[in-house]
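A.B. asks: fold the following.
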Amino acid sequence: MSALKYPLATEKAMSFIDRHNLITYVVDFRATKQEIKKEFESTFNVKVSNVRTVNMPNNLKKAFIKIAKGYKASDVAAKLKIV
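C.D. replies: Model prediction:
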């Protein structure tokens, strides 16, 4: 099971990248915070300091992934081609 599905590129999600060093991702509904963190770190070669999740009504989960100091969310966003 792949925990990460796709990144969100809404206006609010884009503002989180610069202001809070945070990437917003839609993840599988059954994914835990630890699974999300592990997969994100291995995929993008960055350290994650915090993962917050919100359940959405369509059996998906939105994850707010805070990138640790020393790494930039804008670099990850560039890899995802959402900036």
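A.B. asks: helices or strands up against the helix or strand encompassing Ala77?
C.D. replies: Assignment of secondary structure by DSSP states H and E places Ala77 within helix 73-80. Packed against helix 73-80 by the contact rule (3 or more CB pairs under 8 Å, 6 or more residues apart in numbering; DSSP states H and E) you find helix 11-20, strand 22-28. C-beta: built from backbone N, CA, C; applies to glycine.
A.B. asks: residues making contact with the helix or strand following the last one?
C.D. replies: I take that to be strand 22-28. From strand 22-28 onward toward the C-terminus, using DSSP H and E, the following helix or strand is helix 33-44. Residues from elsewhere that reach helix 33-44, judged by CB atoms under 8 Å, 6 or more residues apart in numbering: 2-4, 23, 25, 27, 46-48, 51, 53, 63, 65, 76, 79.
A.B. asks: tilt between helix 33-44 and strand 22-28?
C.D. replies: Interaxial angle, helix 33-44 versus strand 22-28 (axes from the mean of the first three to the mean of the last three CA atoms, to 10 degrees): 110 degrees.
A.B. asks: what's the angle between helix 33-44 and helix 73-80?
C.D. replies: For helix 33-44 and helix 73-80, the angle between their directions (the same axes, to 10 degrees) works out to 70 degrees.
A.B. asks: strand partners (parallel or antiparallel) of the helix or strand following helix 33-44?
C.D. replies: Next in sequence after helix 33-44, counting helices and strands by DSSP H and E, comes strand 48-55. Take DSSP bridges as the rule and strand 48-55 pairs in its sheet with strand 60-67 (antiparallel).
A.B. asks: returning to what we had before: could I get the CA-only coordinates of the helix holding Ala77 as PDB?
C.D. replies: What follows is helix 73-80 as a C-alpha-only set of coordinates in PDB (Å, rounded to 0.1, in the frame of the first residue of the first chain):
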ATOM      1  CA  ALA A  73       9.500  22.700   1.400                       C
ATOM      2  CA  SER A  74      10.000  24.800  -1.700                       C
ATOM      3  CA  ASP A  75      12.700  22.400  -2.900                       C
ATOM      4  CA  VAL A  76      10.300  19.500  -2.400                       C
ATOM      5  CA  ALA A  77       7.500  21.500  -4.200                       C
ATOM      6  CA  ALA A  78       9.900  22.000  -7.100                       C
ATOM      7  CA  LYS A  79      10.500  18.300  -7.400                       C
ATOM      8  CA  LEU A  80       6.700  17.800  -7.400                       C
END
